[in-house]
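**Student:** sequence plus predicted model, see below.
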Amino acid sequence: MNLLKRYLLFFKEQEAVGEPFHDKVGQLNNFYLPIADYINKNVLKKKRTFVIGLAGGQGSGKSTISQILKLILQYKYKLSTVIFSIDDLYKTRKERIVMSKKIHPLFQTRGVPGTHDINLATNILKIIKRKKFKSFHIPTFDKSKDDRNKKKKWQFVKRCPNVVFFEGWCVGARPQNQKKLLKPINNLEKFEDKESVWRQKVNLELKNKYINVFKKLDKFIFLKVPSFKHVLKWRMLQEQKLKYKKKGSRIMNNKEIKRFVMFYERITKQMLADRFKYADVIIDLDNKHKLSKIKFL
């Protein structure tokens, strides 16, 4: 089976549980192949495992895009590729409950910096970048249950990969200055974080811990959504897919999703504003979720 057939088959499987994809061949030729070629050239320069950060607002298609790039890298360039998400490094539900009691109630909800096991992220990247490779496990997280899976369901990396995608909505995010934190940007911050304890702690986590992880990335790809309102729309579609695949009790309804995206709003908007400062590749998405423009910086 050639690359094009594999690529189209991938989309056929995706469309079975979601919205249809448009101009698939055009997207391949104009976006995915140039990005894969860019990655391949950088891998050849480094001559070691190449770690790429991939970020974008909720529902922007990070997982889909990383899977497509993995397919191309594997079958066109013969590069073994591993994908893991910052979402899979969420602290357990029990750990977040403890954090919500000690620091602030909003930390019970997964998502923002502080709710990930960032030490685990650091260790994984250290293992990946070792000269002598040793097999390891990467946790997986079940969003339908809002908890980390048992170890038997974790991803096992037994061979040294050529490329690693580290994807997630806040991957690459930078802390804000203190003045920006004082003014709430939505009702969640206004009514549930009146003293700004939660957002101050989130910002501190970015400044002291997360930044050190993000500095280990070799390149950073950013997916630019048209606007924050699309994050809500596309996150709702994402939850519908999850409902189709999973029967867990913690799948959210639309009202819950509207509140949920408020947790992400501040950092998402800041990342949109900062994208030219830190990204190596910026991909614009249009209103129909298609890749519409690409810029190599």
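**Tutor:** All right, it came through fine. Numbers count the residues shown, from 1 in each chain.

**Student:** from here on, just use CA atoms for contacts and neighbour counts.
**Tutor:** OK.

**Student:** in this protein, which helix or strand is least confident?
**Tutor:** Taking mean pLDDT, DSSP states H and E as the measure, helix 228-245 is the helix or strand of the chain with the lowest mean score, a mean of 75.

**Student:** ok, which stretches of the stretch 151-297 of the chain are helices?
**Tutor:** Using DSSP state H, counting those that start in this stretch, the helices assigned to the stretch 151-297 of the chain run over residues 178-182, 187-192, 197-205, 211-214, 228-245, 254-278.

**Student:** what's the closest of those helices to residue 96?
**Tutor:** Shortest separation from residue 96 across those is recorded for helix 197-205, at 13.2 Å, computed as Cα to Cα.

**Student:** how many other residues sit next to residue 74?
**Tutor:** Each residue near residue 74 was counted by other Cα atoms under 10 Å, and the total is 16.

**Student:** phi, psi of the nearest residue to it once chain neighbours are set aside?
**Tutor:** Nearest-residue entry for residue 74: residue 80, 5.7 Å, with adjacent residues in sequence omitted and distances by Cα to Cα, 6 or more residues apart in numbering. Dihedral angles phi and psi of residue 80 (degrees, to the nearest 10) take the values phi -70, psi 140.

**Student:** I'd guessed residue 80 sits against residue 161; true?
**Tutor:** Yes - using Cα atoms under 8 Å as the test, residue 80 is close enough to residue 161 to be in contact (5.1 Å).

**Student:** closest one to residue 126 among the helices of the stretch 151-297 of the chain?
**Tutor:** Closest to residue 126 of these is helix 211-214 (Cα to Cα; 9.7 Å).

**Student:** backbone phi and psi for residue 85, please?
**Tutor:** Taking degrees, to the nearest 10, you get phi -110, psi 150 for the backbone angles of residue 85.

**Student:** that one bridge partners, please.
**Tutor:** Beta bridges link residue 85 to residue 167 when assigned by DSSP bridges.

**Student:** tell me the spacing between it and residue 78.
**Tutor:** Taking Cα to Cα, to the nearest Å as the criterion, residue 85 is separated from residue 78 by 23 Å.

**Student:** out of those two, which sits in the more crowded spot?
**Tutor:** The residue with the greater number of neighbours, taking residue 85 and residue 78 and applying other Cα under 10 Å, is residue 85; the counts read 23 against 12.

**Student:** surely that one touches residue 164?
**Tutor:** No - taking Cα under 8 Å as the contact criterion, residue 85 and residue 164 are not neighbours in contact, 10.5 Å apart.

**Student:** which stretches of the stretch 1-150 of the chain form helices?
**Tutor:** For the stretch 1-150 of the chain, the helices defined by DSSP H, counting those that start in this stretch occupy 3-15, 24-27, 33-46, 62-77, 93-102, 118-128.

**Student:** out of those, which is the most enclosed?
**Tutor:** When you average the neighbours per residue for each of the helices of the stretch 1-150 of the chain (mean count of other Cα atoms under 10 Å), helix 62-77 leads with a mean of 18.

**Student:** contact partners of that one?
**Tutor:** Contacts to helix 62-77, defined as Cα atoms under 8 Å, 6 or more residues apart in numbering, come from residues 3, 6-7, 10, 32-33, 35-36, 40, 54-56, 79-83, 165, 167-168, 223.

**Student:** try 6 Å this time
**Tutor:** Contacts of helix 62-77 with the rest of the structure, by Cα atoms under 6 Å, 6 or more residues apart in numbering, involve 79-81.

**Student:** okay, it in CSV with CA atoms only?
**Tutor:** Below are the C-alpha coordinates for helix 62-77, written out as CSV (Å, rounded to 0.1, in the frame of the first residue of the first chain):
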residue,chain,number,x,y,z
LYS,A,62,-3.2,18.2,17.3
SER,A,63,-3.6,14.5,17.7
THR,A,64,-4.8,14.1,14.1
ILE,A,65,-2.0,16.2,12.6
SER,A,66,0.7,14.4,14.6
GLN,A,67,-0.7,11.0,13.5
ILE,A,68,-0.6,12.1,9.9
LEU,A,69,2.9,13.4,10.2
LYS,A,70,3.9,10.1,11.9
LEU,A,71,2.5,8.1,9.0
ILE,A,72,4.4,10.2,6.4
LEU,A,73,7.6,10.1,8.3
GLN,A,74,7.4,6.4,8.7
TYR,A,75,6.4,5.4,5.1
LYS,A,76,8.2,8.2,3.1
TYR,A,77,11.3,8.8,5.2
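
**Student:** so that helix versus helix 33-46, what angle?
**Tutor:** Taking axes from the mean of the first three to the mean of the last three Cα atoms, to 10 degrees, helix 62-77 and helix 33-46 form an angle of 70 degrees between their directions.
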